[in-house]
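Novice: Fold the following and give me the result.
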Amino acid sequence: MNLADFFTHSKSLLKLTYPILIAQLIQNLMGFVDIVMAGRVSATDLAAVAVANSIWLPLILTIYGLIMALSAIVSQLAGAKNYSKIVEQTYQTAWISLVLGLSLILLYYLLIPIVSPLVTLESNLEELMFDYLGFIVWGAPGFCLYLVLRNYSEGLSYTKPTMIISIIGLLVNIPANYIFIYGKFGMPALGGAGCGVATALVYWSMFISMLIYCFYSKVLKQANLFSAFYWPVLAEIKAILGLGIPIALSLLFEVSLFAIVAIILVPFGAQVVASHQVALNFTGLVFMVPLSIAMATTIKVGFAIGNKDFKQARDYTMYSIVLGLALACITALITVLFRTQIAGIYSTEAPVIELAASLMLLATIYQFSDTIQVVSAGALRGYKDTKSILYITFVSYWLVGLSVGLILGVTDWIVPRIGPYGFWIGFIVGLTTAAILLAWRLRIIQERIKNNTFVPEETDTLIHISSGKIDD
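Specialist: Okay, the predicted model is just below:
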């Protein structure tokens, strides 16, 4: 590997990565603000927000994963300088997102009468939880449309708007929480449910801000969204869904795995669950680093593929993984050195801090495999090879990772059960499996392209090259 090339490619990647990373961290900060401000009302309000989010986040993250396909589509088309097609594909994705956003509202009002009698929470907690969901669903269409505009802009290699709009969202979130949680300026005091109103307002403010940016931005004029209007086209929507659904499901597999482990650990006691959540929350923040690199990798690889510069696509993939691993060394070192202090931020209970610190030590191991798997998946999205991500993540997370976790955590089949440690070892095994398989799949695709056998196309993941030579 040429060191000069590494620094050149890394500089280009980091230019795309840092706004995405800041935006992702701000999104997490908004959730932290909700928890803190609701918690100041009462423990019940805090619990209502936490329980409602455990329902809401998997839904909205699944939609987020589906719309992520647009950045790969746009980046390939931008590489090919097919700007009119970018506008068309963005409109088709917007129709999908609008339907999904409105469907969440409809789903809420259809299911609540059925689900509500089955819920056995204390009455105040149940009321706050359902009120929170009832408020936040009205922000779903705005958030879904914002994601479309975000991926459109990022696909064109402009990621700074994502950061700026996220800052605007945070600036709306804090005062809106204050007003609706505590009942200020003539508004009713909604308690924890007020976070739902605030978040819905954040979603719409982010969409409107992004829409204004897209309208006035000079850098986006080459693919001007307002130069034409496109009604839904079934064939185009089907193709987008074919790319997006595997991404959405693979994201759901990962999110649901960590959620189900928390449920399985409940019999081990509140302190064990709390320690697990502390370690998971911190490692989730650390994960934002390789995830942001992966998103930038999708853009770079997609653009190179659209430009038919297959060597550059391969180079960006390699340098992205190396950059990710270099940063993982730094985050792992910070985790090892300060794990006890970090756990102390979340809790004052010594047993919780001790166990969380131990779990964080295990987390330092999987940070490296996590980096390889997420950046490899980002590169595969750039190649528009998303079905393989779905199959590999399902096998790695659910069949391998969860199975190892269950065997070590709750059975005596191999060793006496080791509770949460067993599941975190399962995470390591599952993520390492995913890293190996995704990197292997990536290598296969790159070899096929190198040998003039296959090349990514706009409508299919890979099509046969009928003619032409690819420079190596």
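Novice: since we're on residue 84, how many residues are nearby?
Specialist: Residues within reach of residue 84, counting by other Cβ atoms under 10 Å, total 12. Just so you know, the C-beta spots here come from the backbone N, C-alpha and C atoms, and that holds for glycine as well.
Novice: Kindly report the same for the one 3 residues further on.
Specialist: One way to gauge burial is a neighbour count; for residue 87, by other Cβ under 10 Å, it gives 21.
Novice: so it is in which element?
Specialist: Remark: residue 87 resides in helix 83-115, with elements defined by DSSP states H and E.
Novice: which regions of the stretch 201-350 of the chain sit below the pLDDT cut-off?
Specialist: Using pLDDT under 70 as the threshold, the predicted model of the stretch 201-350 of the chain has no low-confidence range.
Novice: follow-up on the earlier one: pull out the buried residues from the helix holding residue 87.
Specialist: With burial defined by 16 or more other Cβ atoms under 10 Å, the residues of helix 83-115 counted as buried are 83, 85-97, 100-101, 103-104, 108.
Novice: and what of stretch 241-257?
Specialist: So, applying 16+ other Cβ under 10 Å, buried residues of stretch 241-257: 241-255, 257.
Novice: how much space between residue 328 and residue 335?
Specialist: Applying Cβ to Cβ, to the nearest Å, one obtains 10 Å for the distance of residue 328 from residue 335.
Novice: Pull up the overlap in contacts between those two.
Specialist: Counting by Cβ atoms under 8 Å, 6 or more residues apart in numbering, the shared contacts of residue 328 and residue 335 are residue 367.
Novice: for the stretch 51-200 of the chain, what spans make up the helices?
Specialist: Chain-ordered helices for the stretch 51-200 of the chain, with DSSP state H, counting those that start in this stretch as the definition, fall at 69-79, 83-115, 123-136, 140-155, 160-182, 194-216.
Novice: ok, of the ones you listed, where does mean pLDDT dip lowest?
Specialist: Among the helices of the stretch 51-200 of the chain, helix 123-136 carries the lowest mean pLDDT, at a mean of 86.
Novice: Is residue 403 in a helix, a strand, or coil?
Specialist: Judged by DSSP: H, G, I helix; E, B strand; the rest coil, the three-state class of residue 403 is helix.
Novice: where exactly do the helices run in the stretch 301-450 of the chain?
Specialist: Secondary structure of the stretch 301-450 of the chain by DSSP H, counting those that start in this stretch: the helices cover 310-346, 350-382, 387-393, 402-410, 420-450.
Novice: Give the rounded mean pLDDT of the fourth one.
Specialist: The average pLDDT for helix 402-410 rounds to 94.
Novice: again with the shortest one
Specialist: For helix 387-393, mean pLDDT rounds to 94.
Novice: please renumber so the chain begins at 11
Specialist: Yep, numbering from 11; the last one is helix 397-403 now.
Novice: Quick one: list the elements packing against that helix.
Specialist: Under the contact definition 3 or more Cβ pairs under 8 Å, 6 or more residues apart in numbering; DSSP states H and E, helix 397-403 sits against helix 244-274, helix 360-392, helix 430-460.
Novice: what stretches of the stretch 361-482 of the chain score poorly on pLDDT?
Specialist: Scanning the stretch 361-482 of the chain residue by residue, the ranges that satisfy pLDDT under 70 are 463-482.
Novice: Go again with 80.
Specialist: Along the stretch 361-482 of the chain, the model assigns pLDDT under 80 to residues 462-482.
Novice: how close does the closest residue to residue 102 other than its chain neighbours sit to residue 364?
Specialist: Nearest non-adjacent residue to residue 102, counting by Cβ to Cβ, 6 or more residues apart in numbering: residue 246, 4.5 Å away. With the distance defined as Cβ to Cβ, residue 246 ends up 55 Å from residue 364.
Novice: More neighbours: the two, which one.
Specialist: In this comparison of residue 246 against residue 364, neighbours counted by other Cβ under 10 Å, the higher total goes to residue 246 at 19 against 14.
Novice: Tell me which helix or strand residue 293 sits in.
Specialist: Assigning secondary structure by DSSP H and E places residue 293 in helix 280-316.
Novice: Between helix 150-165 and that helix, find me the angle.
Specialist: Helix 280-316 and helix 150-165 are oriented at 50 degrees to each other (axes from the mean of the first three to the mean of the last three Cα atoms, to 10 degrees).
Novice: Noted, bye for now.
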